[in-house]
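Novice: The following comprises the amino acid sequence and a computationally predicted model.
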Amino acid sequence: MELKVESISKKFKNDSSFQTVLKDLDFTVREGQFVTLLGPSGCGKTTLLTIIAGFQAASGGRVLINGCQVTRPGPDRGFVFQNYALFPWMTVRDNILYPMKQRKVPGKEREKRLEELLGMAQLEGKEKLFPHQLSGGMKQRVAFIRALAGKPEVLLMDEPLGAVDMQMRQSLQDDLEVLWLKDKTTVVMVTHDVDEAIYLSDRVIVMSAQEGKIVEDLPVRLPRPRDRKGMEYHKHKERLAEALRIAMGKRPESPEAKRQLCLA
């Protein structure tokens, strides 16, 4: 699987003028990579994610998955929303089965996949519950494995942990990492959290407030599970924090920070 973003631009009409949110973005995501889009509010992260999902059209450029151009939503892309977006009238079981039914997966295969996913997410025994009966953490795990249920080529996540508090957020980061490592689906995630980006990603793309320009494309080669207190982890956080300052139109804080940003 290969995801290619080629010269993507997006303009929105504002009264009698146009606002350019994204301009000529280019990058490639390899199979099995966990890539995070990081940047200030309004830089076009979510807009880009929805273009990849096929929810809206680009004004210019194209998105390719395995060489095929994205023109609309499709089962090759799973999507996890910030607010879970579970069907409230469906049980956990039916929520997870839904994308498999959409893909016309045979009944026996659906049941086998359901059992596998419930085990992965430690949700055995919860399949008959409705979303309102679940904790925030459980809802997020259900949303994640529902997106995986149809075995998409790419999993797209829009600030999937943005609706929970910091303590639960770090716990859920651990849960998401474990689930992702078992399936190794290609992921593109949007976040505004530097620590979350370092903790989960193989690679972090920092987008500027000015037309979504890529100001940093940082590989994260730290061993998993990652030590948040480790020196290398801290160095990655510092480098991303400085890149984010530049993305917001601010100057780097120190000569050392400038030097770090120039390192390959």
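Specialist: Happy to help now that I have it. The structure presented is a predicted model; accordingly, all values stated were derived computationally and were not measured. Residues are numbered from 1 along each chain as shown.
Novice: Arg72: how many residues sit nearby?
Specialist: Residues near Arg72, counting by other CB atoms under 10 Å, number 8. Backbone N, C-alpha and C define where each C-beta goes, glycine included.
Novice: Give me the nearest residue to it, chain neighbours excluded.
Specialist: Excluding the flanking residues, the one nearest Arg72 by CB to CB, 6 or more residues apart in numbering is Gly54, at 4.6 Å.
Novice: Verify the stated contact: that neighbour with Val70.
Specialist: Yes. Contact status for Gly54 versus Val70: in contact at 5.0 Å, counting by CB atoms under 8 Å.
Novice: which residues are common contacts for these two?
Specialist: With contacts defined as CB atoms under 8 Å, 6 or more residues apart in numbering, the residues adjacent to both Gly54 and Val70 are Arg77.
Novice: where do the strands sit along the stretch 1-150 of the chain?
Specialist: Assigned strands in the stretch 1-150 of the chain, in chain order: 2-14, 17-30, 34-38, 60-65, 68-69, 77-80 (criterion: DSSP state E, counting those that start in this stretch).
Novice: Between Gly54 and Val70, tell me which one has more neighbours.
Specialist: Set Gly54 next to Val70 and count neighbours by other CB under 10 Å: Val70 wins out with 22 against 18.
Novice: which ones are touching the residue nearest to Arg72?
Specialist: Shown in contact with Gly54 (CB under 8 Å, 6+ apart): 70-74, 77.
Novice: can you give me the strands in the stretch 151-264 of the chain?
Specialist: Assigned by DSSP E, counting those that start in this stretch, the stretch 151-264 of the chain shows strands spanning 154-158, 186-191, 203-207, 214-219.
Novice: I'd like those as CSV, with distance to Arg239 appended.
Specialist: Below are those laid out as CSV (distance: least, CB to CB, whole Å):
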stretch, distance to Arg239
strand 154-158, 23
strand 186-191, 16
strand 203-207, 9
strand 214-219, 7
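Novice: Make sure Gln19 is actually in contact with Gly42.
Specialist: No. Look at Gln19 against Gly42 with CB under 8 Å: they stay out of range, at 10.2 Å.
Novice: Next up, the contacts around Asp26.
Specialist: If you count contacts by CB under 8 Å, 6+ apart, Asp26 has them with 5-8.
Novice: how close does it get to Gly60?
Specialist: Note on Asp26: its distance to Gly60, by CB to CB, to the nearest Å, is 12 Å.
Novice: which residues are common contacts for the two?
Specialist: Common contacts of Asp26 and Gly60, defined by CB under 8 Å, 6+ apart, comprise 7-8.
Novice: quick revisit: of the contacts of Asp26, just the buried ones, PyMOL syntax please.
Specialist: Filtering the contacts of Asp26 down to the buried ones (16 or more other CB atoms under 10 Å) takes a single PyMOL command:
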select buried, resi 5+6+8
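Novice: what's the nearest residue to Leu240 if we skip its chain neighbours?
Specialist: Val194 (4.9 Å).
Novice: just the helices in this structure please.
Specialist: 45-53, 92-102, 107-120, 136-149, 166-183, 194-200, 231-247, 255-262 (DSSP state H).
Novice: Among those, which comes closest to Glu31?
Specialist: helix 166-183 (12.4 Å; CB to CB).
Novice: So which residues make contact with the closest one?
Specialist: Residues from elsewhere that reach helix 166-183 (CB under 8 Å, 6+ apart): 34, 120-121, 136-137, 140-141, 144-145, 148, 160-161, 164, 187, 193, 196, 199-200, 224-225.
Novice: Please name the nearest non-neighbouring residue to the residue nearest in space to the middle of the chain.
Specialist: By CA atoms, centre = their mean, the chain has its centre lying nearest to Met189, at 1.4 Å. Leaving aside its sequence neighbours, Met189 sits nearest to Met157 (CB to CB, 6+ apart; 4.2 Å).
Novice: Contact partners for the one you found?
Specialist: Counting by CB under 8 Å, 6+ apart, Met157 touches 79-80, 147, 187-190.
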